[in-house]
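Visitor: no sequence on this one, just coordinates:
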Ligand SMILES: Nc1nc2c(ncn2[C@@H]2O[C@H](COP(=O)(O)OP(=O)(O)OP(=O)(O)O)[C@@H](O)[C@H]2O)c(=O)[nH]1
């Protein structure tokens, strides 16, 4: 090789070595920087989680407590394994509603069967009307609304000379809709004003309050709202834990108190944290209580009064288990007296043949059913829509 070529080769190799060394150095620096950023973020989260330490027995968790991370930067500059909590993405409103509509239609409930009975007969005789009445009562429509519906239908069928199933279906649809009163305002008051919107969730034991708060938080997060949870169920040991888990999954903080602590104080702290954090909505879960226990009902009134020292409670949602039928109605009357219920959440409608309770509750209390629980899945909560409900029943029929 002549000396000139040799110089070219050596020079080329030297340049290539320079490029490789530069590339490695830049990569190494950015790995260190990324690891440092992650370390600072984790330190911030840990500090946030301790923010409530000086608030007596109330713990304010500014950040969800996802899996702990142990990452530090090692001396090679390599980023350590960092476990970053992965947040759920709540189901979008339109797909959730379409899915739940199908579930409502698919549930083989007694009301649907009753309608089928009426629509499938060529000749509607006395026995048909009696069977129809029985199925409506079994579906918890209540004696009053059942008699009213049957009387109206009988008259209209006779006067209008209904001869085909299609027309019968139309009349049924309009009368069922009238029973459900589609004009009722069913919006959930979740819009922030000067203070966060405050929603309290109440009801007897095991109706699905905590689950509903968790599901509702997901609905609100899907609507881009900033949400904070208050675990004012200090009676059941696992309730606060359960609620916090719901919150953690969608990055929503939870304010909780020690077991057995004053629920009003936890609710107060939650709303205070919501005001300070300028969130949109504070959702307060309360302990299940029998409507017959006066002391516990008084306590619920106190929780609401204490919250209202800081912000109005715009919504009090009473959770009723659809499978408990008439008993739900008795509960509803008493809860309404104590806390001025603004909306009903009817849970477990998926496994229930008692959809008729919707009519009774609304009629007796003048309070709209606003939400329905249609399963144990995390996104199985839907706004109640009278038209969708009736169409789902008629689809089964
Ligand atoms: N199938 C079905 N199950 C539900 C629904 N909503 C709640 N549940 C179930 O009902 C059970 C009780 O729910 P919780 O949310 O713990 O009830 P709670 O009212 O908070 O209970 P307490 O705090 O003891 O009063 C749980 O197993 C829930 O999964 C629903 O819409 N459908």
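Guide: Looks like it arrived, so ask away. Predicted model, so just to flag it, every value in this text is computed and none were measured.

Visitor: Please identify which helix or strand holds residue 148.
Guide: For residue 148, the host element (DSSP states H and E) is helix 143-159.

Visitor: who's in contact with that helix?
Guide: 118, 124, 129, 132-133, 136-137, 141, 162, 168, 171-172, 175-176, 179, 356, 359-360, 363 (Cβ atoms under 8 Å, 6 or more residues apart in numbering). C-beta coordinates here come from the backbone N, C-alpha and C atoms, glycine included.

Visitor: Write the PyMOL selection for whichever of those are buried.
Guide: If you want just the buried ones from the contacts of helix 143-159 in PyMOL, going by 16 or more other Cβ atoms under 10 Å, the selection is:
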select buried, resi 118+124+129+132+133+136+137+141+162+168+172+175+176+179+356+359+360+363
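
Visitor: So which of the contacts of helix 143-159 belong to helices?
Guide: Among those, the members found in helices (DSSP state H) are 118, 129, 132-133, 136-137, 168, 171-172, 175-176, 179, 359-360, 363.

Visitor: now, which of the residues you listed sits nearest residue 92?
Guide: Among the ones in helices among the contacts of helix 143-159, residue 176 lies closest to residue 92 (Cβ to Cβ), at 29.3 Å.

Visitor: can I assume that closest one is in contact with residue 387?
Guide: No: assessed by Cβ atoms under 8 Å, residue 176 is found out of contact with residue 387, at 9.9 Å.

Visitor: gap between the closest residue to residue 285 other than its chain neighbours and residue 319?
Guide: Excluding its sequence neighbours, the residue lying closest to residue 285 (Cβ to Cβ, 6 or more residues apart in numbering) is residue 213, at 4.5 Å. Distance of residue 213 to residue 319, given as Cβ to Cβ, to the nearest Å: 9 Å.

Visitor: got any residues that touch both of these two?
Guide: residue 201.

Visitor: tell me what the strand ranked longest in the chain is packed against?
Guide: Counting by DSSP state E, the longest strand found in the chain is strand 313-321. Packing partners of strand 313-321 (3 or more Cβ pairs under 8 Å, 6 or more residues apart in numbering; DSSP states H and E): strand 197-202, helix 209-222, helix 294-307, helix 326-339, strand 343-347.

Visitor: Just the angle for the second one relative to strand 197-202, thanks.
Guide: Pointing back at helix 209-222 there. Helix 209-222 runs at 160 degrees relative to strand 197-202, counting by axes from the mean of the first three to the mean of the last three Cα atoms, to 10 degrees.

Visitor: At the contact with the ligand, which residues of the stretch 251-397 of the chain appear?
Guide: 288, 347, 348, 350, 351, 373, 374, 375, 376, 380 (Cβ under 6 Å from any ligand atom).

Visitor: Give the full set of residues in contact with the nearest residue to residue 219 once chain neighbours are set aside.
Guide: Nearest residue to residue 219, sequence neighbours excluded (Cβ to Cβ, 6+ apart): residue 381, at 6.2 Å. Counting by Cβ under 8 Å, 6+ apart, residue 381 touches 212, 215, 216, 218, 219, 371, 372, 373, 374.

Visitor: any weak-confidence spans in this protein?
Guide: 1-4, 6-7, 9-85, 105-111, 113, 351-353, 396-397 (pLDDT under 70).

Visitor: Okay then, goodbye and thanks.
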